[in-house]
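In: quick one, structure for this:
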Amino acid sequence: MHARIPLDVDLEDKLIYGLTPIRLGYVVISLLAGFATWSGHWAPPTVRIAIAVAFAAIGAAAAWGRWRGRPLDSWAIDLAYFIAGNYRVSAWR
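Out: Modelled structure (predicted):
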């Protein structure tokens, strides 16, 4: 009996616009943060819209951004590991 094994079992699932579930979560959370920033009345509208657009841009960069073939979130995780492993916080005396 011959059986065929699919070759793409290790690929991540794509949900919408070529995004995996985690990257779609980045977009949704950043858009919610932008909407919450815009909806509040804590600053003038120009400041609120600038911060809301910045949240949306950060979310888009985290979802679709790649540098040297790697997603930006894996670069951020590697940077955090590097900083935590090489730099120590000492108390002021």
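In: going by C-alpha atoms from here, please, whenever you check contacts or count neighbours.
Out: OK.
In: the closest residue to Ala61 other than its chain neighbours: neighbour count?
Out: Distances taken as Cα to Cα, 6 or more residues apart in numbering place Leu72 nearest to Ala61, at 7.4 Å, with adjacent residues excluded. Leu72 has 17 neighbours, counted by other Cα atoms under 10 Å.
In: please apply the same query to Ala91.
Out: Neighbours of Ala91 under the rule other Cα under 10 Å: 5.
In: for it, phi and psi?
Out: Main-chain torsions, Ala91, degrees, to the nearest 10: phi -70, psi 150.
In: please renumber the chain so that the first residue is 23 from this point on.
Out: Understood, numbering begins at 23; the last thing we discussed is Ala113.
In: which strand or helix spans the most centrally placed residue in the chain?
Out: Most central in the chain under Cα atoms, centre = their mean is Ala84, positioned 3.2 Å from the mean C-alpha point. Under the criterion of DSSP states H and E, Ala84 resides in helix 67-86.
In: and the next helix or strand along the chain from that helix, how far out from the chain's middle?
Out: On the C-terminal side of helix 67-86, the closest following helix or strand by DSSP H and E is strand 88-89. What separates the centre of strand 88-89 from the centre of its chain is 12 Å, taken as Cα atoms, centre = their mean, to the nearest Å.
In: strands paired with strand 88-89, and their directions?
Out: strand 92-93 (antiparallel) (DSSP bridges).
In: after the strand it pairs with comes which helix or strand?
Out: Note on strand 92-93: by DSSP H and E, the next helix or strand toward the C-terminus is helix 94-108.
In: and that following helix, average pLDDT?
Out: Helix 94-108 carries an average pLDDT of 91.
In: not counting that helix itself, show me its contacts.
Out: Contact with helix 94-108 is made by Ala83, Ala84, Gly87, Arg88, as judged by Cα atoms under 8 Å, 6 or more residues apart in numbering.
In: that one vs helix 67-86, what angle?
Out: Calculated by axes from the mean of the first three to the mean of the last three Cα atoms, to 10 degrees, helix 94-108 forms an angle of 90 degrees with helix 67-86.
In: how about Ile80: what's its closest non-neighbour residue?
Out: Per Cα to Cα, 6+ apart, closest to Ile80 is Ser52, 7.3 Å.
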